[in-house]
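Colleague: I would like to see how this sequence folds:
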Amino acid sequence: MTTLDRDLLDAFVPEFEAEAVRLAMVRDAAAAGRALDQLRAMAAALGAPSLATLVDRTAQALDPLDWPALHAGAEALARQAVAIGAVGADVPLAEPPAPEPAPVPPAAPAALLDREMLEAFAPEFAAACDRLAQAADAAQAGWALDGLRAMAGAVELGSLLRLLEPASALLDPFDAAALAGLSAALRAQSARIVKAGADLAPPDPAPAPAVAALDAELLEAFAPEFAAGCARLGTAPDAAAAARATEALRAMAASLGLDSLRAMLAEAPSEDLAALPALATALAAHAAAIAATGHDLPPPLPAAGPARRRVLVVDDSAMMRRLVREALALDPEFEVVGEAADGIQALAALQRLAPDLTMLDIEMPELDGLGALRRWALEGGGAVVIVSSAARPGSATAVEARRLGAAGIVGKPSGALSPDLRERQGAALLRTARRAAGLPVEALR
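Modeller: Numbering: from 1, shown residues only. Below you'll find the predicted structure:
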């Protein structure tokens with residue numbers, strides 16, 4: 001075993017490892033070829049045959065292009081360089097195991113999905129299903145549906161997109177009961193997908209439980225009378241008048257068996273006259289929705305607190321999108337409503353989702369971040385934060401991004417094949433995101 005120069009090794013190992021990281025992060029064959037050429041030259045300069053052999057093995061993944069094999073080769077190169085640095089000499093490679101005979105494939109199974117992506121997808125999709133089930137009006141339901149479509153599209157889950165196809169028809173008139181049923185179906189289907197690790201055909205729908213239809217003539221007579229009672233409640237001059245109006249409304253709701261109105265009236269304040277106009281308005285709106293659908297509906301949920309900032313995450317790396325999403329999840333002021341893997345998808349998502357904040361990578365296929373930023377500067381909304389190692393402070397890319405209106409720039413972590421954004425750059429990312437979204441940075445702890 002030939003001993004290598006220690007000073008040369010100390011300079012070589014981190015540089016070689018960093019080049020292996022760049023190989024793992026590239027997104028096209030030409031860039032991968034250039035990175036492999038650089039690694040080959042560095043291995044030859046060191047005089048480490050094991051590294052040269054590993055480079056040649058990894059280069060076989062270029063034709064035909066095999067991204068998983070290329071990334072596995074990059075990891076092996078980094079590990080081998082570290083091992084050589086540790087012992088001070090070239091380290092022989094273990095012979096690769098002989099390939100086992102390929103089993104006869106069964107009938108084409110469903111394509112397996114990336115497990116890390118599924119693990120990140122599942123809780124977000126479930127939370128969006130909850131928002132759909134709890135939507136108090138068509139606007140909230142529409143936002144929840146947009147988020148669900150974006151997430152299902154990002155992971156290319158056709159079964160969920162098919163389940164979502166008829167959802168728009170449930171918004172006008174707003175049918176809370178049907179949307180809650182759709183939310184449950186989406187939740188169940190996504191759970192089946194995560195368990196199987198692949199997209200699955202949705203099960204045959206069970207017959208929908210019959211919703212008791214109300215007599216049209218009774219409803220026609222009820223609606224104006226209940227609205228007039230709501231007006232009396234909202235303008236009640238004293239507690240006695242409010243109590244009489246409340247009892248009259250309860251009687252009308254009971255006569256038609258409208259449990260949702262009775263539940264809303266059960267919480268009617270007896271002494272707080274200032275709260276009565278808002279209750280009267282909510283009762284009248286819910287009664288109008290019942291009259292429009294012809295059956296009782298679940299009572300609306302209490303008004304939500306201040307809206308969170310809606311965020312779009314744009315990066316061609318699924319891992320980086322996940323890391324950015326996890327960093328933002330540490331701050332309750334942010335809600336990731338969509339993702340995109342290139343500039344073209346990003347522009348479509350900007351138009352569809354109208355996010356308050358977009359976290360944008362620079363180096364992407366189809367249309368890079370600066371190209372997307374130029375279009376955003378002409379017709380986009382919200383704020384943009386650049387998250388990229390290509391926009392170093394003072395670089396031409398950073399200057400151009402600022403000129404186009406980027407509100408902030410955060411560098412990606414580097415120097416490891418599995419960067420932990422939460423530890424390395426999480427605080428900086430959150431500070432920049434809050435500043436761009438107009439939130440106080442001092443709120444970060």
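
Colleague: Got the domain ranges for this structure?
Modeller: Per automatic domain parsing, the structural domains of the chain span 6-87, 115-196, 220-293, 309-443.

Colleague: Including mean neighbour count, could the ones you listed go into a markdown table?
Modeller: (C-beta placed from N, C-alpha, C; glycine too.) Shown next, in a markdown table, are the domains of the chain (neighbours: other C-beta atoms under 10 Å):
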| stretch | mean neighbour count |
| --- | --- |
| domain 6-87 | 17 |
| domain 115-196 | 18 |
| domain 220-293 | 17 |
| domain 309-443 | 19 |
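
Colleague: pLDDT below threshold where in the protein?
Modeller: 1-2, 27, 94-112, 204-212, 267, 270-271, 301-306, 413-425, 442-445 (pLDDT under 70).

Colleague: Quick one: closest of the domains of the chain to Pro300.
Modeller: domain 115-196 (4.3 Å; C-beta to C-beta).

Colleague: chain center to that closest one: distance?
Modeller: 12 Å (C-alpha atoms, centre = their mean, to the nearest Å).

Colleague: do the same with stretch 272-290
Modeller: The answer for stretch 272-290 is 35 Å, by C-alpha atoms, centre = their mean.

Colleague: ditto for stretch 308-328
Modeller: 7 Å.

Colleague: measure that stretch end to end?
Modeller: 12 Å (C-alpha to C-alpha, to the nearest Å).

Colleague: Just list the residues touching Pro202, thanks.
Modeller: Under the criterion of C-beta atoms under 8 Å, 6 or more residues apart in numbering, the neighbours of Pro202 are 159, 162-163, 185, 189.

Colleague: Which ones among the residues you listed lie within helices?
Modeller: 159, 162-163, 185, 189 (DSSP state H).

Colleague: I'd like those residues written out as JSON lines, with distance to Gln140 added.
Modeller: As requested, those are exported to JSON lines (distance: C-beta to C-beta, whole Å):
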{"residue": "Ser159", "distance to Gln140": "25"}
{"residue": "Arg162", "distance to Gln140": "23"}
{"residue": "Leu163", "distance to Gln140": "19"}
{"residue": "Ala185", "distance to Gln140": "19"}
{"residue": "Gln189", "distance to Gln140": "22"}
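
Colleague: Redo the domains of the chain as a markdown table? Include distance to Pro299.
Modeller: Converted to a markdown table, those look like this (distance: least, C-beta to C-beta, whole Å):
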| stretch | distance to Pro299 |
| --- | --- |
| domain 6-87 | 50 |
| domain 115-196 | 9 |
| domain 220-293 | 4 |
| domain 309-443 | 25 |
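
Colleague: Indicate which one of these is closest to Leu214.
Modeller: domain 220-293 (6.2 Å).

Colleague: next one: the closest one to chain centre, how far?
Modeller: 40 Å.

Colleague: Ok, stretch 30-45 next?
Modeller: The answer for stretch 30-45 is 36 Å, by C-alpha atoms, centre = their mean.

Colleague: Can you list the neighbours in contact with that stretch?
Modeller: Residues contacting stretch 30-45 (C-beta under 8 Å, 6+ apart): 12, 15-16, 19-20, 22-23, 26, 51-52, 55-56, 58-59, 62, 70, 77.

Colleague: if we can go back for a sec, what's the closest of the ones in helices among the contacts of Pro202 to Arg325?
Modeller: Lowest distance from Arg325 to those (C-beta to C-beta) belongs to Gln189, with 21.9 Å.

Colleague: Distance of the residue nearest to the closest one when sequence neighbours are not counted relative to Val194?
Modeller: Spatial nearest neighbour of Gln189, chain neighbours left out: Pro202 (5.2 Å); criterion: C-beta to C-beta, 6 or more residues apart in numbering. According to C-beta to C-beta, to the nearest Å, Pro202 and Val194 sit 14 Å apart.

Colleague: Sticking with Thr358, tell me its helix or strand.
Modeller: strand 357-360 (DSSP states H and E).

Colleague: Also Arg192?
Modeller: Going by DSSP H and E, Arg192 is in helix 176-196.

Colleague: What is the subsequent helix or strand relative to that helix?
Modeller: That would be, after helix 176-196 and using DSSP H and E, helix 216-234.

Colleague: same for that next one, what does it pack against?
Modeller: Taking 3 or more C-beta pairs under 8 Å, 6 or more residues apart in numbering; DSSP states H and E as the contact definition, the neighbouring helices and strands of helix 216-234 are helix 239-255, helix 276-293.

Colleague: And it, how far out from the chain middle?
Modeller: With C-alpha atoms, centre = their mean, you get 43 Å for helix 216-234.

Colleague: between it and helix 276-293, how many degrees?
Modeller: On the basis of axes from the mean of the first three to the mean of the last three C-alpha atoms, to 10 degrees, helix 216-234 is oriented at 170 degrees to helix 276-293.

Colleague: orientation of helix 216-234 relative to helix 239-255 in degrees?
Modeller: Note on geometry: by the same axes, to 10 degrees, helix 216-234 and helix 239-255 are set 160 degrees apart in direction.

Colleague: Excluding its own residues, what touches helix 216-234? List them.
Modeller: Looking at what lies outside helix 216-234 - C-beta under 8 Å, 6+ apart - the contacts are 241-242, 245-246, 248-249, 252-253, 255-256, 261, 268, 276-277, 279-281, 283-284, 287-288, 290-291, 294.

Colleague: And what about Gly394, helix, strand or coil?
Modeller: The three-state label given to Gly394 by DSSP: H, G, I helix; E, B strand; the rest coil is coil.

Colleague: thinking again about what came up before, centre of the chain to the strand holding Thr358, how far?
Modeller: For strand 357-360, the distance to the chain centre is 12 Å (C-alpha atoms, centre = their mean).

Colleague: which residue sits closest to Leu279, ignoring its sequence neighbours?
Modeller: Per C-beta to C-beta, 6+ apart, closest to Leu279 is Ala268, 6.1 Å.

Colleague: contacting residues around the one you found?
Modeller: Neighbouring residues of Ala268 by C-beta under 8 Å, 6+ apart: 233, 242, 246, 276, 279.

Colleague: Closest one of those residues to Ala169?
Modeller: Leu279 (30.4 Å).

Colleague: Verify the contact between Glu144 and Ala128 for me.
Modeller: Wrong residue type there; residue 144 is Ala, not Glu. Yes. Judged on C-beta atoms under 8 Å, Ala144 makes contact with Ala128 at a distance of 5.8 Å.
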